[in-house]
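In: give me a model of this one.
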Amino acid sequence: VHSFKISFNHRKMTRLLFVKVAALLLPVASALVISDRAQTARGRLFEALASPSGKLTLSAEIVIPAPSDPTAILLQSSLITAMSEKIRTRAKANAVFISGGIPAMQTFCNEQELARGNFPGPVPVIFCDKVDDMAAVAKAGAEGVLIPICDGKEITNLEDLSSDSSWSDACKAALENGLQPIPEITLGESTAQSWKGDEVADLVSKIAEITGDDPVSILLSVSQPLPPVSEGDDDDEDEVEREVVVPNVPKGLGKKIPILGSVRAKAGGGRMGLETGSYKSAGFTGAVLRQDCLPAISMSQDLEFVTSFWSACIGDLKSLKSKSFDFRAKNNMYRDLGVEWAKYQMDVMQSGALGEEAAHVS
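Out: Numbering: from 1, shown residues only. Model (predicted):
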């Protein structure tokens with residue numbers, strides 16, 4: 001009888017333990033379904049942004065303007081599709097940071113998905129607008145989302161990261177919806193200049209501590225003071241570009257977590273090549289070429305021009321034959337920043353004359 005009681009109690013305890021374990025596993029199983037996409041996105045983004053060879057990876061920021069009417073929507077859709085194909089096959093960008101609305105991004109992502117299983121394969125997309133619905137961003141096809149830490153305000157030390165929880169909440173929401181968050185940290189020039197040791201590694205550790213997960217990558221942006229304007233001298237091509245101040249990245253950190261830097265140098269005079277070179281020398285894994293690189297922000301409205309510009313720019317910066325992207329435009333066209341300048345440059349790019357001329361175009 002005593003043996004029977006022990007056996008009965010043992011079976012009862014086993015059943016209770018099984019029920020409790022099963023109850024605990026139910027929400028975990030559900031969460032794993034969601035995180036499966038996040039893990040897939042992590043692998044794709046890391047593969048795109050990391051650099052086993054040590055070459056700087058190059059990604060472009062593209063701002064797609066909102067169309068004004070139904071006809072414009074149809075026209076824009078075909079332009080976005082053409083842009084997507086050329087960014088992948090001609091520019092060979094490592095990733096694309098897109099803002100301008102989820103529908104526009106979805107059109108871009110749909111075209112990229114058509115290249116799945118082919119070479120070159122799809123270019124991963126990171127959405128960099130303010131996000132109210134992470135699930136919608138994931139459904140549209142993005143792999144990641146850019147999360148400005150502290151609303152893009154400059155940080156001076158690691159404790160500043162704990163002053164605002166909204167960015168960490170956004171990172172967690174992204175992971176829950178199958179997206180990889182890429183935190184963007186803005187540093188002042190003096191802070192960037194003082195970070196010569198392990199500060200960037202400590203920054204990554206702090207982000208992981210706050211969010212509960214290592215970031216797949218981080219983007220560092222350094223606020224640069226505006227250059228002085230000289231009266232009567234409007235030839236930007238002859239200006240001596242001031243070298244960008246960037247923090248040092250500890251050796252080996254980029255192999256674990258790609259550290260990206262924001263390049264905002266306006267095209268022309270070899271400025272983009274100089275700035276990307278500064279990031280590479282400081283140990284960064286890659287560079288995100290921001291919209292500021294366009295000769296004029298107004299040109300971002302012309303998707304055909306933007307497509308041609310990035311195709312020539314990234315292709316040239318990646319070329320072994322070229323050390324700087326020198327996007328020149330003389331005869332007052334660059335200074336006027338007019339439509340005729342854009343058309344002229346598009347004609348040059350689309351004429352197929354970018355082989356030997358590429359060194360003079362970035």
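In: got the buried residues for stretch 124-134?
Out: By 16 or more other Cβ atoms under 10 Å, the buried positions in stretch 124-134 come out as 124-129, 131, 134. Just so you know, the C-beta spots here come from the backbone N, C-alpha and C atoms, and that holds for glycine as well.
In: now, which of those lie within helices?
Out: Mapping those onto helices (DSSP state H) picks out residue 134.
In: check contacts around the residue nearest to residue 198 when sequence neighbours are not counted.
Out: The spatially closest residue to residue 198, leaving aside those adjacent along the chain, is residue 250, at 5.5 Å (Cβ to Cβ, 6 or more residues apart in numbering). Contacts of residue 250 were listed using Cβ atoms under 8 Å, 6 or more residues apart in numbering, and they are 197-198, 200-201, 283.
In: tell me the SS of residue 250?
Out: Of the three states, residue 250 takes coil under DSSP: H, G, I helix; E, B strand; the rest coil.
In: any of the contacts of residue 250 buried? List them.
Out: Buried, going by 16+ other Cβ under 10 Å: 200-201, 283, out of the contacts of residue 250.
In: mean confidence for the one helix or strand residue 288 maps to?
Out: Applying DSSP states H and E as the criterion places residue 288 in strand 286-289. The pLDDT scores in strand 286-289 average 98.
In: again, but for stretch 115-129
Out: Mean predicted confidence for stretch 115-129 is 95.
In: which elements pack onto the strand holding residue 288?
Out: Contact here means 3 or more Cβ pairs under 8 Å, 6 or more residues apart in numbering; DSSP states H and E; on that basis strand 286-289 packs against strand 57-63, strand 259-263, helix 271-281, helix 303-318.
In: paired strands for that strand, with orientation please.
Out: Here strand 286-289 is paired, per DSSP bridges, with strand 57-63 (parallel), strand 259-263 (parallel).
In: out of those strands, nearest to residue 120?
Out: strand 57-63 (13.9 Å; Cβ to Cβ).
In: quick check: phi and psi on the closest residue to residue 89 other than its chain neighbours?
Out: Leaving aside its chain neighbours, residue 89 sits nearest to residue 120 (6.2 Å; criterion: Cβ to Cβ, 6+ apart). With angles defined as degrees, to the nearest 10, residue 120 sits at phi -70, psi 150.
In: check residue 64 too.
Out: As for residue 64, its main-chain torsions (degrees, to the nearest 10) stand at phi -100, psi 120.
In: and for the one 4 residues further on?
Out: Geometry field for residue 68 lists phi and psi as phi -90, psi -20, criterion degrees, to the nearest 10.
In: number of residues surrounding it?
Out: The local packing of residue 68 (other Cβ atoms under 10 Å) involves 9 other residues.
In: ditto for the one 3 residues further on
Out: Other residues near residue 71 number 9, with proximity taken as other Cβ under 10 Å.
In: please apply the same query to residue 225.
Out: When counting by other Cβ under 10 Å, one arrives at 9 neighbours for residue 225.
In: residues in contact with it?
Out: Going by Cβ under 8 Å, 6+ apart, residue 225 touches residue 189.
In: before we move on, the earlier item: using PDB, write out every CA atom in the strand holding residue 288.
Out: Only the C-alpha atoms of strand 286-289 are listed here, as PDB (Å, rounded to 0.1, in the frame of the first residue of the first chain):
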ATOM      1  CA  GLY A 286      30.500  50.400 -43.600                       C
ATOM      2  CA  ALA A 287      29.100  53.700 -44.600                       C
ATOM      3  CA  VAL A 288      25.500  54.900 -45.200                       C
ATOM      4  CA  LEU A 289      25.500  57.500 -47.900                       C
END
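In: contacts for it next, please.
Out: So strand 286-289 is contacted by 49, 51, 56-61, 94, 97, 219, 258-263, 272, 275-276, 279-280, 310, 313-314 (Cβ under 8 Å, 6+ apart).
In: likewise for stretch 191-211?
Out: 149, 154-156, 158, 161-162, 168, 171-172, 181, 183, 185, 187, 214-215, 218, 220, 222, 245-250, 253, 257, 259.
In: what does stretch 73-85 give?
Out: 62, 64, 67, 104, 107-108, 110-112, 123, 303-304, 306-307.
In: mind running it again at 10 Å?
Out: The contact list for stretch 73-85 (Cβ atoms under 10 Å, 6 or more residues apart in numbering) reads 62, 64-69, 91, 96, 98, 100, 103-115, 122-123, 125, 302-304, 306-308, 310-311.
In: give the ChimeraX command for selecting the buried subset of those.
Out: Here is the ChimeraX selection string for the buried members of the contacts of stretch 73-85, based on 16+ other Cβ under 10 Å:
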select :62,64,67,91,96,98,100,103,104,105,106,107,108,109,111,112,115,122,123,125,302,303,306,307,308,310,311
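In: among the contacts of stretch 191-211, which are located in strands?
Out: Among the contacts of stretch 191-211, the ones falling in strands (DSSP state E) are 154-155, 181, 183, 185, 187, 218, 220, 222, 259.
In: which stretches in this structure count as helices?
Out: For the chain, applying DSSP H gives helices covering 2-49, 70-86, 102-113, 134-139, 166-176, 189-194, 199-211, 253-256, 271-281, 303-318, 333-336, 339-350, 354-357.
In: pLDDT weak spots in the stretch 151-300 of the chain?
Out: Scanning the stretch 151-300 of the chain for pLDDT under 70 picks out the ranges 226-242.
In: where's the residue nearest to residue 198 relative to residue 287, distance?
Out: Per Cβ to Cβ, to the nearest Å, residue 250 is found 18 Å from residue 287.
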